[in-house]
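# build me a model from this:
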Amino acid sequence: MNVVACRNSKTTPPKAFTVQAYQKQKANEMESPPTAGAFKSRKGEPTSFRKFYERGDFPIALEHDTKGNKIAWKVEIEKLDYHHYLPLFFDGLCETEHPYEFFARQGVHDMLEHGGSKILPVIPQLIIPIKNALNLRLKQVTCTTLKVLQHLVVSADMVGEALVPYYRQILPILNIFKNANKNSGDGIDYSQQKRENVGDLITETLEAFERHGGDDAFINIKYMVPTYESCILN
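Residues are numbered from 1 along each chain as shown. Just a heads-up that it's a prediction; the model follows:
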């Protein structure tokens, strides 16, 4: 057993950042350090949106027409309790399976379209669902969330300014993927036409934040995303 152990110790390369790794005779045999995993996708947990949907608590149904699927609301959207429903629909942005993904995404856009003054007071409740969706680092979820953020800042007065204090929760993931543009060489990148290019969507989102975030928006964006260049000052 001791002989086998000695042979294994000779063939196993030393791990990075250990005492053995700094010995000259083992420098060429050193194991590479593990990757940080900043771009690695995470596994999402079951959402409250899914639980409420399966329980039948949402006043929605699926409707088919010539343009595709849409939500048939059983009540007027303007009469919904936004403090209750809007955070739940934002929570569903983490979903990737049908029909949960469709209902959450379309439900958010419908509520932002008709919310008006009801949206601003709910902003603090939306930050954690937005952060959770971005932290999954899934391309589909990230693209959906970025489009929702662009819609959110123009959905009502003062919403853009209300988001500024929460940039520290929202922007770190955008900083990681800001330059994640697909290099297709001479080919055609169809993701740009479908608005599924993460790097482009992040740039569009940051520019929307700056345009609608008031006087303090740019300096706060620049603090979290140092490579961002102003779309107003330049």
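# wait, what's in contact with the most centrally placed residue in the chain?
The chain has residue 134 as the residue nearest its centroid, 2.3 Å off, counting by CA atoms, centre = their mean. Neighbour list for residue 134: 141-142, 145, 170, 173-174 [criterion: CB atoms under 8 Å, 6 or more residues apart in numbering]. Placement of C-beta: from N, CA and C, glycine included.
# what do you get for residue 94?
Contacts of residue 94 by CB under 8 Å, 6+ apart are 44, 47, 129, 132-133, 136, 141.
# what do you get for residue 47?
With CB under 8 Å, 6+ apart, residue 47 has these contacts: 91-92, 94-95, 100.
# which of the contacts of residue 134 fall in helices?
141-142, 145, 170, 173-174 (DSSP state H).
# secondary structure element for the closest residue to residue 60 other than its chain neighbours, which one?
Closest residue in space to residue 60, ignoring its immediate chain neighbours: residue 71 at 5.1 Å, by CB to CB, 6 or more residues apart in numbering. Secondary structure from DSSP states H and E places residue 71 in strand 68-73.
# what does that strand contact?
The contact list for strand 68-73 (CB under 8 Å, 6+ apart) reads 59-63, 102-103, 106-107, 110.
# what's the angle from the helix or strand harbouring residue 106 to strand 68-73?
Using DSSP H and E, residue 106 falls within helix 100-115. With axes from the mean of the first three to the mean of the last three CA atoms, to 10 degrees defining the directions, helix 100-115 sits at 60 degrees from strand 68-73.
# quick one on the thing from earlier: widest-spaced pair of the contacts of strand 68-73?
59 and 102 (16.1 Å; CB to CB).
# surely residue 211 touches residue 231?
Yes - counting by CB atoms under 8 Å, residue 231 is a contact partner of residue 211 at 7.1 Å.
# so how far is residue 95 from the residue nearest to the centre of the chain?
Noted for residue 134: a distance of 14 Å to residue 95, by CB to CB, to the nearest Å.
# hang on, the earlier thing: and which of the contacts of strand 68-73 is nearest residue 76?
Nearest to residue 76 among the contacts of strand 68-73, with distances taken as CB to CB, is residue 59, at 9.7 Å.
# rewinding a little: any chance of the contacts of residue 47 in JSON lines, with distance to residue 83 too?
Output for the contacts of residue 47, formatted as JSON lines (distance: CB to CB, whole Å):
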{"residue": "91", "distance to residue 83": "14"}
{"residue": "92", "distance to residue 83": "16"}
{"residue": "94", "distance to residue 83": "20"}
{"residue": "95", "distance to residue 83": "21"}
{"residue": "100", "distance to residue 83": "22"}
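# save these as a markdown table, and put in pLDDT and secondary structure too.
Shown next, in a markdown table, are the contacts of residue 47 (pLDDT from 0 to 100; DSSP: H, G, I helix; E, B strand; the rest coil):
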| residue | pLDDT | secondary structure |
| --- | --- | --- |
| 91 | 96 | helix |
| 92 | 95 | helix |
| 94 | 94 | helix |
| 95 | 92 | coil |
| 100 | 92 | helix |
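# and the closest residue to residue 139 other than its chain neighbours, how many neighbours?
Sequence neighbours aside, residue 198 is the residue nearest to residue 139 in space, at 6.2 Å (criterion: CB to CB, 6+ apart). If you count neighbours by other CB atoms under 10 Å, residue 198 ends up with 20.
# so how far is residue 176 from residue 198?
10 Å.
# do the same with residue 111
In this view, residue 111 and residue 176 are 29 Å apart by CB to CB.
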